[in-house]
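Peer 1: build me a structure from this.
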Amino acid sequence: MKVKLSRRVAIGIGIILVLIVIAVMAFFLIQPRTPPANVAVVRRGDLSASVNATGKVRSKKTARLALPLSGIVANIAKHEGDDVNAGDVILSLRADDTTRRVKQAELNLQSRQLDQARAKAAPRDEDIQVARANLQKATLAAAAAEAAHDANPTAQADAARQIAQADLDIARANFNRVTNGPTQQELDALQNAITSAQLDLDSARQALAQTRLTAPYTSTVTDILVNVGELAGGGTPLAAVADLNALEIDADIDEIDVANVLVGQSVEISLDAFPGEKLSGQVTRLFPSASSQRGTTVYSAIVDFDAKGLKVRPGMGTSLKILTVEKKGVLLVPNRAIKNVGTRKAVHVLAPGAPRDVIVETGVTDGNETEIVNGLSEGAQVQLN
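Peer 2: I've put the predicted structure just below:
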């Protein structure tokens with residue numbers, strides 16, 4: 001009885017061991033096999049490549065302001081940090097002589113306009129009476145001078161007669177002008193006098209304006225370069241303004257990377273003044289000429305960006321990551337799997353199927369992986385070179 005029981009136990013234990021072995025084998029058989037180190041699997045994924053650069057924030061609109069004439073600085077109305085609108089006076093020079101010239105020109109213009117208004121106005125009764133009286137007086141004086149000359153025709157009498165006749169002519173012309181109004185020629189002369197006076201006034205006002213330094217557009221004063229009482233030279237910058245609401249980044253790109261940079265590419269921006277903050281931007285301009293900085297050849301580019309409410313200021317330093325390649329959901333293989341076959345590209349496919357070389361059409365690369373446009377399927381195993 002005991003022998004039979006032991007035999008049954010042994011058989012049961014054996015069956016259990018067999019089942020365990022089968023389960024272990026099945027587990028390892030159904031597990032995906034990890035490819036060897038020199039084998040890669042064609043996968044679908046995202047591909048991106050970038051270029052690193054540095055730059056500084058600057059205003060899109062800046063101006064260094066100067067006056068055409070020299071003079072002593074009389075007043076500084078705006079200082080660094082003040083907001084200004086177009087036409088606001090930032091500073092002014094002494095302008096005593098110019099101000100006086102403007103006042104004289106204004107008075108002269110008013111006088112010429114008054115002359116014209118009087119000439120065009122209807123004659124007053126008292127003016128007519130005075131003109132008529134002067135005419136009568138001159139007529140009598142001329143008749144008396146003529147009679148005296150006839151009685152005693154001396155040189156002195158002749159001179160008196162001529163003077164009396166001239167006075168009569170003037171009195172007659174004045175009477176006619178008062179009663180009939182000015183001639184067209186006289187009106188034209190009055191209008192020309194007004195035009196000349198207006199030109200003098202415009203010239204004086206322009207000279208006065210040239211003593212006042214004004215803002216060219218809505219902006220912020222960033223620098224005042226003179227003090228009150230100093231002599232300001234003509235053409236010498238006296239102040240600087242910038243539009244702080246329109247900023248951009250002046251980027252420096254190394255000559256090694258510039259061939260991969262294009263207008264329109266996205267940019268990830270880090271500001272030294274705001275650690276941890278990431279801003280987005282876009283390359284809007286790429287300059288064709290190079291410059292040298294600390295022995296390195298660089299190319300300038302302009303990057304527009306969104307400040308996201310940060311108080312970004314001109315002059316702040318930035319680190320830039322320019323995305324030169326960005327593709328999503330493409331077939332990828334490591335660059336080590338690709339080899340040259342003449343002028344074409346090929347990879348050595350290990351599976352599925354028999355090992356073989358396959359010609360492929362490649363796309364962009366990020367330096368580690370390359371896009372496969374045609375020739376391979378997802379999941380294929382390829383050999384690394």
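Peer 1: show me the protein divided up by domain.
Peer 2: 39-47+328-383, 51-60+245-327, 64-93+212-241, 97-209 (automatic domain parsing).
Peer 1: to residue 15, which of the ones you listed lies closest?
Peer 2: Nearest of those to residue 15, taken as Cβ to Cβ: domain 39-47+328-383 at 37.8 Å. From N, CA and C alone the C-beta is placed, and that goes for glycine too.
Peer 1: quick one: mean pLDDT for that closest one?
Peer 2: For domain 39-47+328-383, mean pLDDT is 92.
Peer 1: ends of that domain, how far apart?
Peer 2: End-to-end distance for domain 39-47+328-383, by Cα to Cα, to the nearest Å: 5 Å.
Peer 1: if you rank every helix and strand of this structure by mean pLDDT, what lands last?
Peer 2: Least confident element among the helices and strands of the chain, by mean pLDDT, DSSP states H and E: helix 2-30 (a mean of 61).
Peer 1: okay, and the nearest residue to residue 340 once chain neighbours are set aside sits in which element?
Peer 2: Excluding the flanking residues, the one nearest residue 340 by Cβ to Cβ, 6 or more residues apart in numbering is residue 346, at 7.6 Å. Using DSSP states H and E, residue 346 sits within strand 344-351.
Peer 1: quick check: which helices or strands does that strand pack against?
Peer 2: strand 339-341, strand 356-365, strand 381-383 (3 or more Cβ pairs under 8 Å, 6 or more residues apart in numbering; DSSP states H and E).
Peer 1: hmm, who's touching it?
Peer 2: Contacts to strand 344-351, defined as Cβ atoms under 8 Å, 6 or more residues apart in numbering, come from residues 39, 333, 337-340, 355-362, 375-376, 380-383.
Peer 1: give me the buried entries from these.
Peer 2: 333, 337, 338, 358, 360, 362, 375, 376, 380, 381, 382, 383 (16 or more other Cβ atoms under 10 Å).
Peer 1: and of the residues you listed, the nearest to residue 127?
Peer 2: For the buried ones among the contacts of strand 344-351, the nearest to residue 127 is residue 362 (103.0 Å; Cβ to Cβ).
Peer 1: let me see the contact set for the closest one.
Peer 2: 338, 345, 370, 371, 372, 373.
Peer 1: kindly recompute the last result at 6 Å.
Peer 2: 345, 370 (Cβ atoms under 6 Å, 6 or more residues apart in numbering).
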